[in-house]
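K.L.:
Mind looking at a prediction? Sequence and model below.
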Amino acid sequence: MNHTILNVPLVSDIPDNAKRVLFGMGCFWGVERLFWQLDGVYRTAAGYAGGVMENPDYRTVCSGTTGHTEVVEVVYFPDQISLNELLKVFWENHDPTQGNRQGNDVGSQYRSMITTYDPDQAQEALDSRNSYQAALTKSGYANITTELNSDQTFWIAEEYHQQYLDKNPNGYCGISGTGTCFI
């Protein structure tokens, strides 16, 4: 199975000079589209992370019993796009203060989450959360509820979820930010 936009395998080792990060920002369809459009992104894939069940599927994740959230795996080339640039897209395109929801999408599978895979990424994600919290506080928003995790297992979602908004251009996209800029 290949990425319909980037034409690379969805399930394969990442290139030696690439890194990966997982972003949970609500429904993964719109999230994936945000990231596949960025120069320096090698691959995106919709999936699940942060739960207790191995190899979950959409139906069980939506039941709220697995503990997973919908995420997008972003594999990127750090010499072409920085993690900070990816974090800017993450913070500005959802409301990280909503807990187990994003807009009309309600449930633990829609919670905000960042999963990193090395100590430098983890520190940068933490610093970005602290910085964005200060900006949100100035704008009158509540505390960020985004989970910061390391080394979570990524379970790829079913094929029909991959690049969903490419296959269904008029499909649902609930992406909406707070209007607060990440600096």
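P.N.:
Done, it's in.
K.L.:
What is the neighbour count of residue 9?
P.N.:
Applying other C-beta atoms under 10 Å, we find 12 other residues in the vicinity of residue 9. C-betas here are computed from N, CA, C, even on glycine.
K.L.:
ok, now how distant is it from residue 41?
P.N.:
Relative to residue 41, residue 9 is positioned 15 Å away (criterion: C-beta to C-beta, to the nearest Å).
K.L.:
And the residue most central in space within the chain, its phi and psi?
P.N.:
Most central in the chain under C-alpha atoms, centre = their mean is residue 23, positioned 2.0 Å from the mean C-alpha point. According to degrees, to the nearest 10, the main-chain angles of residue 23 amount to phi -120, psi 130.
K.L.:
Pretty sure it sits against residue 74.
P.N.:
Yes - Residue 23 lies in contact with residue 74 (C-beta atoms under 8 Å); the separation is 6.3 Å.
K.L.:
so where do the helices sit in this structure?
P.N.:
Using DSSP state H, the helices of the chain run over 28-36, 58-62, 83-92, 119-138, 164-167.
K.L.:
Show me the one of those that comes nearest residue 176.
P.N.:
Nearest of the helices of the chain to residue 176, taken as C-beta to C-beta: helix 28-36 at 9.0 Å.
K.L.:
Alright, I will stop here.
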